[in-house]
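S.K.: how would this look folded up:
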Amino acid sequence: MCRIAIAIFILISGAVCVSSRQPNILFILPDDLGFYDVGYHGPSVLTPTITNLSTEGVRLEQFYVQPECTPTRASLMTGRYPIHLGFQNIGSIKPAQSFGLDLNLTLLPQRLKDLGYSTHGIGKWHLGYYNPKYLPTNRGFDTYFGYYGSEIHYYTHTSYDVTPQPPPDWCLDLHNNTKCVDNVNGTYSVDMYTDEAVRIMDSHDPDTPIFMYYAMQNVHTPLEVPEGYEHLYYEVRSIDRRKTLGILTSMDYSISRIVASMKDKGEEFWENTVIIFASDNGGWPIPDGHGSNFPLRGAKFTYFEGGVRVPAFVYSPLIKKPARIEKSLIHVSDFYPTLVRLAGGTLTAQEQEEMDGCDQWDVISEGVGDGLYPPRYEVLHNLQEYDGEFTNSAIRFGRWKLITGKWANCTIESYPFYCFWVPPPEFNDGLLLHTSDSLLKEIHAVPHNHLYPEINVKAHISKSEGSYRKSAFDPVMLFDMENDPLERNDLKDIYPSIVDILLDRLEGYQQGMLSAVEEPWDIENWR
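M.R.: Numbers count the residues shown, from 1 in each chain. Presented below is the predicted three-dimensional model:
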């Protein structure tokens, strides 16, 4: 929820001019990047470009996404929670599934295109491709180079994520606009994406604003690393972790080349540029992906912090107070209204009513304080429903976080790598302890309760001896994110009244959610 806070800020300070010219926008969305797996969080990870940009920009240390690929991309492109798209039960759209993101919605690239932007998509799409109407060049992108599905091989560019039944049905998934690219077998895909991004930047007219969406393949499986990068980590004994680290550093080099091409456009172009970097979900730890979310709990697929809290930053010379850490709550859906405003557009009254995203530019540029209220105090992580039962849900409200369903009932026997704390394999225990202490200073939650009196009252309800009410969301877990960002202490029995408040919030969202989109398969006719 954010509209009340925005209205208060506008009344206090009036409209703020962002820039006299429409800024150039580069949105970088890595795939399955763990919280630890950037150099400014993990000292063993070599990502100098990412570290430098984040240090000079604003690190978003309470930035949230959805726990899987498709829902996060859908929220970014629409400014809506998955429950308002019918995507609450969807993790990944498969090639032979005959549905996609609602064609009646105006996606972010189309909105920016209508505002005069040149729009270019590179990398992973994953929002529907059964019918040409769902393809990126029919959803607002002038050009597109990349793959439609969830994962491909880095060298053969073939997908093994096609049909619901083994054996896998291998198919080529690499496209230039809508044409299949079949003559580059053996070329590392990330090098091709980078070359295309640099080519677009080199040929771009600097008098026209550009929006480039680079949805990176790194660091999703399969673990295929280009020659030379794996050897940078020769001291790491785990072969798969060594490959993952090599893919991370190759990702950083790709970004460095694109940044260099933007700087080559001249000072005027670069000084009017905004770069956004954020992972699509948490990392995938051993035994499958070898990413690390340390010191956070959990991983991709879960509603623990390791699944939904990801590395993110914004770099721009337009930021008024750069080189800082911002701890306000920000959700991936917020970038739709934020970028529309930066581009000089406005949302209609109906869009503001339907949208879950908040305009966060003032928080990003200036930080909270001096009359600026943080626009967001709540994040709905998701509200899943199967056969009328709410099996997996989670919500953050101020300092409190409630997790329900499967992930609130997991054990180390059932989900050893997903529900708990998985340290990166390259460190010994002594160094892990030191790293944990330093990281906690950056990730510690500061929900700005003093700016939200209504939350402040609820958040300080005293302990009680009663019990929380039973509901369709059982079982539940409750965490105090201000004092326990690593989710070690379940407080549901100590603060049952807080549980009831958050259950009320979930039930409120339940009233307005769309029916979950069915996920039909059409194996015979999809190609």
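
S.K.: what's the closest non-adjacent residue to residue 386?
M.R.: Nearest non-adjacent residue to residue 386, counting by Cβ to Cβ, 6 or more residues apart in numbering: residue 89, 6.7 Å away. The C-beta positions use only the backbone N, C-alpha and C, and glycine is treated the same way.

S.K.: what about the one you found, how many residues close to it?
M.R.: As a burial measure, residue 89 scores 19 neighbours (other Cβ atoms under 10 Å).

S.K.: pop out the phi and psi values for the closest residue to residue 205 other than its chain neighbours.
M.R.: Spatial nearest neighbour of residue 205, excluding adjacent residues (Cβ to Cβ, 6+ apart): residue 118 at 7.7 Å. Per-residue torsions, residue 118: phi -90, psi 120 (degrees, to the nearest 10).

S.K.: what sits against residue 118?
M.R.: 142, 204, 205, 208, 209, 210, 211 (Cβ atoms under 8 Å, 6 or more residues apart in numbering).

S.K.: between these, identify the one with the most neighbours.
M.R.: Most crowded among the contacts of residue 118, counting by other Cβ under 10 Å, is residue 211 at 27 neighbours.

S.K.: the residue nearest to the spatial centre of the chain: what's its closest spatial neighbour, skipping adjacent residues?
M.R.: The structure's the chain has its C-alpha centroid closest to residue 280; by Cα atoms, centre = their mean the separation is 3.4 Å. Counting by Cβ to Cβ, 6+ apart, residue 280 lies nearest to residue 72, which is 4.5 Å off, once chain neighbours are set aside.

S.K.: that neighbour looks like it's in a helix, true?
M.R.: Yes. Assigned with DSSP: H, G, I helix; E, B strand; the rest coil, residue 72 falls within a helix.

S.K.: what about it, how many neighbours?
M.R.: With neighbours defined by other Cβ under 10 Å, the count for residue 72 comes to 27.

S.K.: contacts only, for it.
M.R.: Contact partners of residue 72, counting by Cβ under 8 Å, 6+ apart, are 65, 66, 280, 281, 332.

S.K.: that older thread, the residue nearest to the centre of the chain reaches residue 29, doesn't it?
M.R.: Yes. Checked against Cβ atoms under 8 Å, the pair residue 280 and residue 29 is within contact range at 5.6 Å.

S.K.: hey, what's in contact with both of those two?
M.R.: What both residue 280 and residue 29 touch, as defined by Cβ under 8 Å, 6+ apart, is the set 73, 215.

S.K.: which secondary structure elements does the longest helix along the chain contact?
M.R.: Assignment by DSSP state H gives helix 239-263 as the longest helix of the chain. Applying 3 or more Cβ pairs under 8 Å, 6 or more residues apart in numbering; DSSP states H and E, we find helix 239-263 packed against strand 24-28, helix 48-56, helix 189-203, helix 267-270, strand 273-278.

S.K.: a markdown table please, covering these and showing mean neighbour count.
M.R.: Listed next are the helices and strands packed on helix 239-263 as a markdown table, based on neighbours: other Cβ atoms under 10 Å:
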| stretch | mean neighbour count |
| --- | --- |
| strand 24-28 | 23 |
| helix 48-56 | 19 |
| helix 189-203 | 18 |
| helix 267-270 | 13 |
| strand 273-278 | 23 |
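
S.K.: those into a markdown table, with extra columns for distance to residue 183 and mean pLDDT?
M.R.: A markdown table is the format used below for the helices and strands packed on helix 239-263 (distance: least, Cβ to Cβ, whole Å; pLDDT from 0 to 100):
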| stretch | distance to residue 183 | mean pLDDT |
| --- | --- | --- |
| strand 24-28 | 27 | 98 |
| helix 48-56 | 30 | 98 |
| helix 189-203 | 11 | 98 |
| helix 267-270 | 33 | 98 |
| strand 273-278 | 32 | 98 |
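
S.K.: possible to save these as JSON lines with distance to residue 503?
M.R.: Shown next, in JSON lines, are these (distance: least, Cβ to Cβ, whole Å):
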{"stretch": "strand 24-28", "distance to residue 503": "35"}
{"stretch": "helix 48-56", "distance to residue 503": "37"}
{"stretch": "helix 189-203", "distance to residue 503": "44"}
{"stretch": "helix 267-270", "distance to residue 503": "49"}
{"stretch": "strand 273-278", "distance to residue 503": "30"}
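
S.K.: of the ones you listed, which approaches residue 410 most closely?
M.R.: For the helices and strands packed on helix 239-263, proximity to residue 410 was assessed by Cβ to Cβ; strand 273-278 is nearest, at 26.2 Å.

S.K.: let's see the closest one as PDB, backbone CA atoms only.
M.R.: What follows is strand 273-278, C-alpha atoms only, in PDB (Å, rounded to 0.1, in the frame of the first residue of the first chain):
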ATOM      1  CA  THR A 273      21.400   8.100 -17.400                       C
ATOM      2  CA  VAL A 274      19.700   5.900 -14.800                       C
ATOM      3  CA  ILE A 275      21.000   2.400 -14.200                       C
ATOM      4  CA  ILE A 276      18.900   0.000 -12.200                       C
ATOM      5  CA  PHE A 277      20.200  -3.400 -11.100                       C
ATOM      6  CA  ALA A 278      18.100  -6.100  -9.300                       C
END
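
S.K.: got a list of contacts for the very next helix or strand once past that strand?
M.R.: Following strand 273-278 in sequence order, the next helix or strand is helix 305-308 (DSSP states H and E). For helix 305-308, the surrounding residues in contact (Cβ under 8 Å, 6+ apart) are 34-35, 64-67, 281-283, 293, 296-302, 381, 394, 418, 485-487.

S.K.: distance of the residue nearest to residue 280 from residue 113?
M.R.: Counting by Cβ to Cβ, to the nearest Å, the gap from residue 72 to residue 113 is 22 Å.

S.K.: what about the strands in the stretch 301-450 of the chain?
M.R.: Secondary structure of the stretch 301-450 of the chain, counting by DSSP state E, counting those that start in this stretch: strands at 312-315, 324-326, 330-331, 378-383, 392-397, 400-405.

S.K.: packed most tightly, which of these would that be?
M.R.: Comparing the strands of the stretch 301-450 of the chain by mean neighbour count (mean count of other Cβ atoms under 10 Å), strand 330-331 ranks first with a mean of 28.

S.K.: partner strands of that one and their direction?
M.R.: strand 63-64 (parallel) (DSSP bridges).

S.K.: run through who's touching the strand it pairs with.
M.R.: 278, 308-312, 329-332, 379, 381, 396.

S.K.: pLDDT of it, averaged?
M.R.: Across strand 63-64, the average pLDDT comes to 98.

S.K.: so what's the gap between that strand and the chain middle?
M.R.: 7 Å (Cα atoms, centre = their mean, to the nearest Å).

S.K.: please apply the same query to stretch 268-280.
M.R.: On Cα atoms, centre = their mean, the centre of stretch 268-280 falls 16 Å from the chain's centre.

S.K.: and the end-to-end length of that stretch?
M.R.: End-to-end distance of stretch 268-280 (Cα to Cα, to the nearest Å): 31 Å.

S.K.: where does the chain have low pLDDT?
M.R.: In the predicted model of the chain, residues 1-20, 160-170, 287-289, 369-371, 387-390, 427-466, 472, 519, 521-527 satisfy pLDDT under 70.

S.K.: rerun that using 50 as the cut-off
M.R.: By pLDDT under 50, the weakly predicted segments of the chain are 3-17, 166-167, 428-435, 445-461.
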